[in-house]
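> what's the 3D shape of this:
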Amino acid sequence: QVQLVESGGGLVQPGGSLRLSCVASGDILDIRIFGWYRQTPGNQRELVAIFNNDGDIVYRDIAKGRFTISRDKSKNSLFLEMNNVNVEDTATYYCNADVKEKGTNWYSHYWGQGTQVVVSS
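Have a look, this model is predicted:
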């Protein structure tokens, strides 16, 4: 079984910065799609930034120029550097991955439990 664990959320002032981390653990052979989503109460989960199937980075408009996604393949880790945050960035941020586990020949979809980011003065 694969687990995704996010960390790094918290309270940050408008204009500040925050770095989120996600570590995938388990019998992992490969992570194909690896990305960040966010969700606010009453709304659907929305894409923030992602490494797509081709390994390319895709950002939603709300993240372009402010957020940077990166990964450490050797540690099955994903990061989101958030700069110049604003109150609209307040949300629970989720890590998402398509993972091939050892002994299988397919990819399974996993979500982390989320880490909350609150932007407030």
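> and Phe34, what are its bridge partners?
Phe51, Ala97 (DSSP bridges).
> show me what contacts it?
24, 50-51, 71, 78, 95-98 (C-beta atoms under 8 Å, 6 or more residues apart in numbering). All C-beta atoms are positioned from the backbone trio N, CA, C, and that covers glycine.
> swap in 6 Å and give it another go.
51, 71, 78, 97 (C-beta atoms under 6 Å, 6 or more residues apart in numbering).
> so Leu4 makes contact with Gly112?
Yes: using C-beta atoms under 6 Å, Leu4 is in contact with Gly112, at 3.6 Å.
> so what sits against both of those two?
22, 95.
> of the contacts of Phe34, grab the buried ones for PyMOL.
A single PyMOL command selects the buried members of those (16 or more other C-beta atoms under 10 Å):
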select buried, resi 51+71+78+97
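> bridging across strands, which residues link to the closest residue to Asn76 other than its chain neighbours?
Computed as C-beta to C-beta, 6 or more residues apart in numbering, the closest residue to Asn76 that is not its neighbour in sequence is Ala24, at 4.1 Å. Applying DSSP bridges to Ala24 gives these bridge partners: Leu4.
> mind giving me TSV with the contacts of Phe34 and columns for distance to Glu88?
Formatted as TSV, these follow (distance: C-beta to C-beta, whole Å):
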residue	distance to Glu88
Phe51	24
Arg71	25
Leu78	22
Ala97	26
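> now, which of the contacts of Phe34 sits nearest Arg19?
Leu78 (11.3 Å; C-beta to C-beta).
> quick one: that closest one from Val87, how far?
Distance check for Leu78 against Val87: by C-beta to C-beta, to the nearest Å, it reads 25 Å.
> ok, now Lys64?
Taken as C-beta to C-beta, the span from Lys64 to Val87 is 18 Å.
> likewise Val117?
Taking C-beta to C-beta, one finds Val117 at 11 Å from Val87.
> centre-most residue in the protein?
Nearest to the mean C-alpha position of the chain, counting by C-alpha atoms, centre = their mean, stands Trp36 at 2.6 Å.
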